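K.L.:
any chance you can model this:
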Amino acid sequence: MRIPYALQHEDRVVVRIYDLVGQVVCQLTDLYASAGYAELYWSGHDAHGNKVGAGLYLVVMTVGDQSWTRKVLFTK
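P.N.:
Sure thing, here's the model as predicted:
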């Protein structure tokens, strides 16, 4: 699953995938990123390398002190 984003200036970017009960499935990144366009990819695996089940997940992106949440449907 492709997760695109764009930054206006360098900032800390944290992206985590959550299940619908609020547990962290995995963390895709936690780093300082340069301004511009970038993409992350989620392969559908949890933090332990196990394939997750099909269903709804939440992608939570935090840049600086702002956060966004997007619902995604993962299918097998």
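
K.L.:
give me the pLDDT for the residue nearest to residue 69 when sequence neighbours are not counted.
P.N.:
Leaving aside its sequence neighbours, residue 69 sits nearest to residue 60 (C-beta to C-beta, 6 or more residues apart in numbering; 5.1 Å). C-beta coordinates here come from the backbone N, C-alpha and C atoms, glycine included. As predicted, residue 60 sits at a pLDDT of 98.

K.L.:
right, and residue 60 touches residue 71 too?
P.N.:
No. Assessed by C-beta atoms under 8 Å, residue 60 is found out of contact with residue 71, at 10.6 Å.

K.L.:
out of these two, which sits in the more crowded spot?
P.N.:
residue 60 (15 against 9; other C-beta atoms under 10 Å).

K.L.:
wait, what's in contact with the nearest residue to residue 3 once chain neighbours are set aside?
P.N.:
Of all residues not flanking residue 3 in the chain, residue 40 sits nearest, at 4.4 Å (C-beta to C-beta, 6+ apart). Residues in contact with residue 40 (C-beta atoms under 8 Å, 6 or more residues apart in numbering) are 2-3, 5, 15, 28-29.

K.L.:
out of these, grab the one that's most surrounded.
P.N.:
The most crowded member of those, judged by other C-beta under 10 Å, is residue 15 (20 neighbours).

K.L.:
buried residues, the host helix or strand of it. List them.
P.N.:
Using DSSP states H and E, residue 15 maps to strand 11-18. Judged by neighbour count (16 or more other C-beta atoms under 10 Å), strand 11-18 contains these buried residues: 13, 15-17.

K.L.:
tabulate those residues (TSV), appending distance to residue 75 and pLDDT.
P.N.:
Conversion of the buried residues of strand 11-18 to TSV gives the following (distance: C-beta to C-beta, whole Å; pLDDT from 0 to 100):
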residue	distance to residue 75	pLDDT
13	26	97
15	20	98
16	20	98
17	15	98
